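>>> quick check, what structure comes out for this input:
(chains A and B)
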Amino acid sequence: MVKNILVVDDDQGIQKMFKTLLESYDYRVVQAASGKEALEKYGESKPDIVIMDILMPGMDGVKTTKKLLKQDKNAKIVVVTAVGKPGLEKGCIKAGAKAFIVKPFKIDHLLETIQNVSNGVV
Amino acid sequence: MVRGIEEVREYHEDIIESIPSTILIVNRTLEIVYANPHYYRASGKRPKDVLGKNIRKVLSQETIKRMGLDKKIRMAIGTGRPFEGGHAPGDRFGTLYFYKVRPLTDEYGDVSRAMILVEDVTELTRLEEELKESYVKLDNAYTELREADNIKSDFISAASHELRTPLTVISSYIELMEKGKIGSPEKQKEITETLADQTKHMIGLVEDMLDISRMESKRFIVEKKNISTLETVNDAAESVKTLSDLKGHIISLKIPEDLPKIVGDKKRIKDLLTNLLTNAIKCTPNGGKITVSAKDEGEYVHFIVADTGIGISKREQSKIFEKFYVGGGLSARREPGRMGLGLSIAKGIVEAHNGKIWVESSLGKGSRFHFTLPKAESSGSSM
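Residues are numbered from 1 along each chain as shown, chains lettered A, B, ... in the order given. Now for the predicted structure:
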């Protein structure tokens, strides 16, 4: 079964890249450019996995993660961020994210993480 | 070494003579039984006015009252515990005193007298004040350095974030290509264009960072050639045309044809104008009006880039030319590459030409960025 992935990122270049990447591995991609849009799109598309950026205008990724989990406590969120601040990974996991990946990443690492999270291994 | 009693006595007297503090000894009834040489020198009093007299008659009532001296003497004699010290009132010459009251034990082991020691602490107090001032200065310097350090850390983290974003796009596409995941030639062409754009964007970021670093270390050098004002403004306006059209703005140029040439670095001045124009385009709601005007003003040409945009609050106006300041007023969407360097580079460019840059604006009423650049000597028209 084709899996849906909601990509939350405010950078258009990143959005386009994720779409090309994930679609070439047979995922279906839904896009959201802000935390607010993510909450709306999540309800509409019921994605299997959420890829979440952290540094976004308005609601940041940590806050959005918490709100999404309030909306659906089974939401599977993978943070993919360019912020390498120490302590951020812990904060994201504490907020309820299943995994934390730093940009730039290796495609295999991203795909493996998505697999593991969607199979409930992580 | 063996000394005679006389010799030892003289030696002790010399020591007592040279003590630079007042020592008074009083008995239980507050009569002064001893005053050291320093006291006589400092007060100008003679022994007959002091010895055997009640301390209340020798020192001023005011002094005794303010020091609570009589109580402290009785306490020292009564309990055998010393008063370890306090500030005594200063005199009319600005001298500051510190005093102690210590009980003295007689040959039977009883406390029947007390010693009052009064030291001049004027110099010590002055040094203490100086030390306090230095400490405040040091503390301020530390705070400033810490702020500068925080700004640098924020910069490094912002720079790293801004560079990682295009890098992620580039590295992911390259990896996809390596894995043979980009099949069609159309898709390949599209991706190659994206790679070129992202690379260009990264180069721009790195150049901005280098410019700022050169400006900070005063190694930012500009060419000084006679250049046409109109041509430079035209070039800049042309380079932002796509962006401006996208938002439906009208850019009008009001440059008099007979405007003299300016002296400067053509590329840098174009960068400066492009930067101000890009900001104006982004900060103005769709369908706005942006005007670039220039006029001859003494030794300078005075430029104004005006827009009908959202404006800048008074509070933000003082910060926008600072490094790494990212205003909250721009569009809600974070612009890629917004490291808060644009206007500080603009300022650096103007200042490298010995010009000035400033802004006039109020919220909701648009912004007018002014700057001046030196006019070429006895130059012909801009044409």
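>>> which positions in chain A make contact with chain B?
Within chain A, the positions adjacent to chain B are A:10-14, A:16-17, A:20-21, A:24-25, A:33-34, A:55-58, A:82-85, A:102-107 by C-beta under 8 Å from any C-beta of the partner chain. For glycine as for every other residue, the C-beta is placed from the backbone atoms N, C-alpha and C.
>>> buried among these? Make that a ChimeraX selection.
Of those, the buried ones can be selected in ChimeraX as follows, counting by 16 or more other C-beta atoms under 10 Å in any protein chain shown:
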select /A:10,11,13,14,16,17,20,21,24,33,34,55,56,57,82,83,102,103,104,105,107
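>>> narrow the residues of chain A next to chain B to those in strands?
When those are checked against strands (DSSP state E), the matches are A:V102.
>>> count the neighbours of B:L124 for me.
Neighbours of B:L124 under the rule other C-beta atoms under 10 Å in any protein chain shown: 12.
>>> how about it, secondary structure?
helix (DSSP: H, G, I helix; E, B strand; the rest coil).
>>> and the one 3 residues further on, by the same measure?
Secondary structure, three-state DSSP: B:L127 is helix.
>>> quick check: it vs B:T95, distance?
15 Å (C-beta to C-beta, to the nearest Å).
>>> who has more neighbours out of these two?
For B:L127 versus B:T95, neighbours defined as other C-beta under 10 Å are more numerous around B:T95 (14 against 11).
>>> so how far is A:K76 from the spatially most central residue of chain A?
Nearest to the geometric centre of chain A sits A:I51, at 1.3 Å (C-alpha atoms, centre = their mean). Going from A:I51 to A:K76 by C-beta to C-beta gives 10 Å.
>>> kindly report the same for B:A88.
77 Å.
>>> who touches B:D307 in this structure?
B:D307 makes contact with B:280-281, B:283-284, B:288-291, B:366-367, according to C-beta atoms under 8 Å, 6 or more residues apart in numbering or on different chains.
>>> quick one: which of those residues is most hemmed in?
B:A280 (27 neighbours).
>>> give me every residue that touches that residue.
B:290, B:305-307, B:309, B:367, B:369.
>>> least confident of those residues?
Ranked by pLDDT, the contacts of B:A280 bottom out at B:G309, which has 91.
>>> which parts of the chain are helices?
Picking chain A for this. A:12-24, A:35-45, A:61-71, A:88-95, A:107-118 (DSSP state H).
>>> my bad, chain B
B:5-18, B:37-43, B:47-50, B:55-58, B:61-67, B:69-79, B:122-178, B:185-216, B:229-239, B:241-246, B:266-282, B:314-317, B:342-352.
>>> which neighbouring elements make contact with the third one?
On a contact count with 3 or more C-beta pairs under 8 Å, 6 or more residues apart in numbering or on different chains; DSSP states H and E, helix B:47-50 meets strand B:32-35, helix B:37-43.
>>> can you say which of the ones you listed is nearest to B:P260?
Shortest distance between B:P260 and the helices and strands packed on helix B:47-50, using C-beta to C-beta, is found for helix B:37-43: 77.8 Å.
>>> got the CA positions of the closest one in CSV?
Written as CSV, here are the backbone C-alpha positions of helix B:37-43 (Å, rounded to 0.1, in the frame of the first residue of the first chain):
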residue,chain,number,x,y,z
PRO,B,37,51.7,61.9,69.5
HIS,B,38,49.7,61.7,66.2
TYR,B,39,46.5,62.8,68.1
TYR,B,40,48.3,66.0,69.3
ARG,B,41,49.7,66.7,65.9
ALA,B,42,46.3,66.1,64.1
SER,B,43,44.1,68.0,66.6
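>>> any weak-confidence spans in chain A?
Where chain A drops to pLDDT under 70, the residues are A:1.
>>> and what of the stretch 251-383 of chain B?
In the stretch 251-383 of chain B, residues with pLDDT under 70: B:324, B:326-339, B:378-383.
>>> again, 50 this time
Within the stretch 251-383 of chain B, the segments meeting pLDDT under 50 span B:329-334, B:336, B:379-380, B:382-383.
>>> what about the closest residue in space to B:M215 that isn't next to it in sequence, how many residues close to it?
Nearest residue to B:M215, sequence neighbours excluded (C-beta to C-beta, 6 or more residues apart in numbering or on different chains): B:G348, at 4.0 Å. The number of residues packed around B:G348, counting by other C-beta under 10 Å, is 22.
>>> roughly how far apart are B:G348 and B:P20?
60 Å.
>>> does A:F100 touch A:G87 like I think?
No: checked against C-beta atoms under 8 Å, the pair A:F100 and A:G87 is beyond contact range at 11.4 Å.
>>> the two - which one has more neighbours?
A:F100 (19 against 7).
>>> neighbours of the closest residue to the more buried one other than its chain neighbours, just the number please.
Once flanking residues are discounted, A:F100 sits nearest to A:E89: 4.3 Å by C-beta to C-beta, 6+ apart. Per other C-beta under 10 Å, the neighbour tally for A:E89 reads 18.
>>> nearest spatial neighbour of B:K375, chain-adjacent residues omitted?
Using C-beta to C-beta, 6+ apart, the closest residue to B:K375 is B:P260 (4.9 Å).
>>> surely the one you found and B:V301 touch.
Yes: judged on C-beta under 8 Å, B:P260 makes contact with B:V301 at a distance of 6.9 Å.
>>> intersection of neighbour lists for these two?
The contact lists of B:P260 and B:V301 share B:229, B:375, where a contact means C-beta under 8 Å, 6+ apart.
>>> of those two, which one has the most company?
Comparing B:P260 with B:V301 by other C-beta under 10 Å, the one with more neighbours is B:V301, at 25 against 19.
>>> which residues touch that one?
B:V301 is in contact with B:229, B:259-260, B:262, B:294-295, B:372-375, counting by C-beta under 8 Å, 6+ apart.
>>> who's it bridged to?
According to DSSP bridges, the residues that bridge with B:V301 are B:D296, B:L373.
>>> distance of it from B:A346?
Taken as C-beta to C-beta, the span from B:V301 to B:A346 is 16 Å.
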